[in-house]
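> Need coordinates for the following:
(chains A, B and C, ligands or ions: 4)
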Amino acid sequence: MAGQVARLETFQPEIVAFCCENSGYLAAQMAIEAKLSYPQTVTLVKLPCSGRVDALFLLKALENGADGVMVLACQKENCKFLKGNVRAEQRIEATRKTLQRIGIQPERVAFCHLAANMGHKFVEEVRGLYGKLTELGPNPGKVRK
Amino acid sequence: MIIANGKPIEEVLKSLEGHKKVAVLGCRGCVTVCLAGGEKEVGILASQIRMAREQAGQPVEVLEGTVERQCDYEYFEQVKDIIEEADAIVSIACGVGVQGVAETFPEKVVYPGLNTMFMGANLNVGVWAERCQGCGNCVLEISGGVCPVARCSKSLMNGPCGGSQNGKCEISKDVDCGWQLIYDRLSKIGRVDSLRNIIPPKDWSTSRDGGPRKLVREDLQLESGK
Amino acid sequence: MSKNNKNSGVANLHLESSLESLPREEMSVTRRVLVIGGGIAGVETALQCAERGFQVTLIERSEKLGGAFGKLAALVEAGENPKDYLQSKFGQLEKNPLIEVLTQTQLVDLTGLVGNFTATLVTGTGKRKVKVGAVTIAVGLQTVFCPVKYGLAMEPNVLGLTKLTGELIEGKSFTGKDFTFVLGKTTENFVLPFISALKNAIYLKEKFGSGVSIFYTNMKVGGDGLEALYGQARNLGINFFKISENLELKLQNNQVTVSFQDPFIGNKLPGKYQVVSDYIVIPEEIVPVENIAELVEVLKVKLDAADFLGENNVHVGPQFTSREGIYVVDDIYATSCLAHIKQDAELVAGEIAGKLPAEAFSVEGDQPQVDAAKCVVCLTCFRCCPHKAIEILHDAEKYNNLYGSAARMNPLACRRCGVCVAECPGKAIQMPGYQDAQVVAVLEGLVG
Ligand code: SF4
Ligand code: SF4
Ligand code: SF4
Ligand code: SF4
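Ligands and ions are numbered 1, 2, ... in the order given. Take a look at the predicted model:
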């Protein structure tokens, strides 16, 4: 098992990470192979491009029990499909706005640009969100708990 | 096509206060095309409502459905079950569709989920612009194919007002002067001269000014009248 | 599903099983390539494509083929005359029955998708439509001579790099003359000026015994044999000076004086240094060809941040554009050495041959699929596709909706990013291996 997080806290944020298979997913694999530790409550969903991330996926994740979601996309100007990461970012921005308006902290949705060889950055980002969610507490909007 | 845009979620939530089971109803017509009320938006709005209510400690059950067109009432047959099950409906069709739900299910509470805006064209992804106001008496043949009713802020019929500046309307520098557009078009097709013909006052009775409009074509009407 | 997939890598989207049942799609294509640009890159590409059995239409804007190649000795390996090289290539072109050459011809419209483009050409005699399966852009680059940027006037002893190259090829003598080259910041992104300067410097030194000094901000010698070229220049006694901003250039009495502070020597012997020579050579700026904007509009491809063609992206080679079936040979960031142009031409021809292997063939239909019953032909996918790979087809018998039409992701043109799937307002598009239902099932299994 890669991640070992202190079991002392009772609240362990549940995270869904939508990963572009050309960057985020490879970075995650790299982190796993390098045995870098990251929280165990992360579910990776591999997608062909961050542009495949539907706004509905983000909401469905939160609705179904995630405390936070993240989208891992290729570096700026370096999306394998040119504009996939731009579209993804637009959708995430819009989702954050609506979440805020229904009383759910927009910080629960994270977006990051990274390259396939950035296992450490993957871990950093996951831990970052995990830390933030630990502070924020459970997602008040989750319908399934 | 009819262009609409999502209502602020707060408004939708306010309407739904107190309801325990609601149905979000989309339309595969204009509002799918203008990205406001298709199957995808139904999913998004339903999810938002569920989470918002959960967050507020007042969980609600949300059903989802989408029909071909909410302005042709037979289509409601497909979603009768969920409508009957719900104690309130949010229709994310245009205003015509919302009223369609109300008329078809007279005993049901129905709320609009969109603001219906105008009849317009889709200039690009995410950009729409008004083109016609349905005045009931089209004058495009004399205005070079540019509508003075919809595109002149004051719906003037005989040239621009004094507020036309550098091709823009005085109400905003982002709005083209409709009459400038008409003039430019007429120049291109060699008909500027036609502007010398004064257009008599327009009969607005065919427009909204004549009261709610209804079109009946006897050549098409069924005997039953229904 | 329950929490069992945590950290096991990925949520299993049942990729393999859903791919197995995919129907294959029958394609029929035109095995003709349109090559735009009759410079050396276009000529090489035409020959390479013909070698793979493709018919080729090679179009050139001006009256004759050859482009700037004849003027750029730096492109050929030492000892070879570019003009002779071109002549031999023209000979091969003429003899090849698969290649049609149209000079004074321009592309004004391109419709359709890879395998089945229709190109509209304007020739001296009027408009002509040609069906082509692929397009290769080989328009090269344009140079602008701008001494003012170096604080210099237009004087006879201020030379552009390609101008000097041209004069050397013409056989002009520079016996006993000393030269200063300044390779400034404006061309730093390109390797061509460095090679050209090195080759010219070596030639001047060997042939006329000139004293040569090269001032540079960054020496770009990445590329086959370039390091050796640099070494050779040093061994011949050519002086290299690294500079930052502090270069002063002065023209006086037919002489050029360069005053500078050397960041290396400066540490030991501070102060200003001066180099005096008879000529000063500066690189012309490299800019896209002037009609690039129109070309891009016709081809519906995207330009990079510096307005050049070809993708400057780690995932996509510079020979590719934003659209399948449209390629670039002699991209601007490559060294533009003859060897590289040949390599590019070969790569592109190979790519086209792989893409269009026969007039009729079948491909795996693993691109996103549209459920026509849900498609309202809203054009959202069509407009959002970054690769312009979507067509709206009309077939009242096939498509069971109001319109008898539906969007279709063309299997040859689609790069399978899934952007269209996420954009569709009607949820009409599903992507094999990444279906909405598969993703949602994972999400619904989060808390088990
Ligand atoms: S109900 Fe409104 S949005 Fe739906 S098809 Fe009819 S007019 Fe268009
Ligand atoms: S004149 Fe009337 S009917 Fe014609 S486009 Fe304008 S508003 Fe519409
Ligand atoms: S986005 Fe969807 S509904 Fe619109 S044309 Fe494409 S497939 Fe059809
Ligand atoms: S998957 Fe990507 S490339 Fe293929 S049609 Fe859709 S948007 Fe275009």
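> going forward, measure contacts between C-alpha atoms and count neighbours the same way
Fine.
> And the strands in chain A?
A:15-20, A:42-47, A:68-73, A:109-113 (DSSP state E).
> Please name whichever of those is nearest to ligand 3.
Of all these, strand A:42-47 sits nearest to ligand 3, with 19.1 Å by C-alpha to the nearest ligand atom.
> How about the residues of chain B by ligand 4?
By C-alpha under 6 Å from any ligand atom, no residue of chain B approaches ligand 4.
> all helices for chain B, in order.
Assigned by DSSP state H, the helices in chain B fall at B:9-16, B:30-33, B:39-55, B:80-85, B:95-104, B:148-151, B:178-188.
> Now do the most far-flung residue of chain B relative to its centre, the pLDDT please.
Most distant from the centre of chain B: B:Asp193, at 35.6 Å, with distances by C-alpha atoms, centre = their mean. Note for B:Asp193: predicted pLDDT of 94.
> if I look at it, how far off is B:Val146?
16 Å (C-alpha to C-alpha, to the nearest Å).
> Then C:Lys272?
C:Lys272 is 70 Å from B:Val146, by C-alpha to C-alpha.
> Equivalent analysis for B:Leu181, please.
Distance from B:Leu181 to B:Val146, by C-alpha to C-alpha: 7 Å.
> More neighbours: these two, which one.
More crowded of B:Leu181 and B:Val146, by other C-alpha atoms under 10 Å in any protein chain shown: B:Val146, with 24 against 21.
> what's the spacing between the closest residue to that one other than its chain neighbours and C:Leu347?
Distances taken as C-alpha to C-alpha, 6 or more residues apart in numbering or on different chains place B:Ile182 nearest to B:Val146, at 5.6 Å, with adjacent residues excluded. B:Ile182 sits 53 Å away from C:Leu347, going by C-alpha to C-alpha.
> cool, and C:Val191?
Distance from C:Val191 to C:Leu347, by C-alpha to C-alpha: 20 Å.
> And for stretch B:87-102, what's in contact with it?
B:2-4, B:6, B:16, B:19-27, B:31, B:36-38, B:42, B:69-73, B:76, B:83, B:108-116 (C-alpha atoms under 8 Å, 6 or more residues apart in numbering or on different chains).
> now the longest strand belonging to chain B against helix B:95-104, angle please.
The longest strand of chain B (DSSP E) is strand B:114-124. If you take axes from the mean of the first three to the mean of the last three C-alpha atoms, to 10 degrees, strand B:114-124 sits at 140 degrees to helix B:95-104.
> What's the per-residue pLDDT of the residue nearest in space to the middle of chain A here?
Residue closest to the mean C-alpha point of chain A, counted by C-alpha atoms, centre = their mean, is A:Met70 at 1.8 Å. Here, the pLDDT recorded for A:Met70 equals 97.
> how much space between it and chain B?
Separation of A:Met70 from chain B (C-alpha to the nearest C-alpha, to the nearest Å): 18 Å.
> next one: C:Leu161
46 Å.
> Tell me the pLDDT of that residue.
Reported pLDDT for C:Leu161: 86.
> nearest residue to it other than its sequence neighbours?
C:Pro283 (4.8 Å).
> Count the neighbours of that neighbour for me.
Neighbours around C:Pro283, by other C-alpha under 10 Å: 27.
> Can you name the residues that contact residue 145?
All of this is about chain A. Counted by C-alpha under 8 Å, 6+ apart, A:Lys145 has contacts A:64-65, C:447.
> The intended chain is chain C.
C:160, C:283-285.
> just C:Tyr216 next, same as before
With C-alpha under 8 Å, 6+ apart, C:Tyr216 has these contacts: C:182-184, C:240-243.
> quick one on the thing from earlier: for B:Ile182 and C:Leu347, indicate the residue with more neighbours.
More crowded of B:Ile182 and C:Leu347, by other C-alpha under 10 Å: B:Ile182, with 25 against 16.
> wait, the more buried one sits on B:Val149?
No. With contact defined as C-alpha atoms under 8 Å, B:Ile182 does not count as touching B:Val149 (11.5 Å).
> what number of residues lie near the residue of chain A found nearest ligand 1?
Residue of chain A nearest ligand 1, by C-alpha to the nearest ligand atom: A:Leu56 (21.5 Å). When neighbours are defined as other C-alpha under 10 Å, A:Leu56 has 22 of them.
> dump the residue contacts of it.
So A:Leu56 contacts B:40, B:43-44 (C-alpha under 8 Å, 6+ apart).
> cool, C:Gly160 as well?
C:145, C:281-284.
> swap the cut-off to 10 Å and go again
The neighbours of C:Gly160, taking C-alpha atoms under 10 Å, 6 or more residues apart in numbering or on different chains as the test, are C:143-147, C:166, C:181, C:280-285.
> still on that earlier bit, which neighbours do B:Ile182 and B:Val149 have in common?
B:Leu140.
> Which residue is the nearest non-sequential neighbour of A:Asp67?
A:Asn139 (4.6 Å).
> So that neighbour sits against A:Phe11, correct?
No. In this structure, A:Asn139 is not within contact of A:Phe11 by C-alpha atoms under 10 Å, at 11.1 Å.
> From B:Cys161, how far off is the residue farthest from the centre of chain B?
19 Å.
> again, but for C:Pro288
Counting by C-alpha to C-alpha - C:Pro288 and B:Cys161 are separated by 46 Å.
> C:Lys83 now?
67 Å.
> do A:Pro140 as well
Taking C-alpha to C-alpha, one finds A:Pro140 at 55 Å from B:Cys161.
> Looking at these two now, which is surrounded by more residues?
A:Pro140 (21 against 15).
> Can you pull the phi and psi angles for C:Ser259?
phi -110, psi 140 (degrees, to the nearest 10).
> burial of it, as a residue count?
16.
> What residues does it make contact with?
By C-alpha under 10 Å, 6+ apart, the neighbours of C:Ser259 are C:246-250, C:272-276.
> try C:Leu183
Taking C-alpha under 10 Å, 6+ apart, one finds C:161, C:193-194, C:197, C:214-219, C:242-243, C:281-284 in contact with C:Leu183.
> ok, it to C:Phe260 distance?
14 Å.
> Ok, A:Gln12 next?
63 Å.
> Show me which residues of chain B are close to chain A?
B:8-10, B:13, B:40-57, B:59-60 (C-alpha under 10 Å from any C-alpha of the partner chain).
> got any ranges where chain B has weak pLDDT?
B:224-226 (pLDDT under 70).
> and it, what are its domains?
B:2-118, B:134-193 (automatic domain parsing).
> In chain B, what residue lies closest to ligand 4?
For chain B, C-alpha to the nearest ligand atom, closest residue to ligand 4: B:Val125, 13.8 Å.
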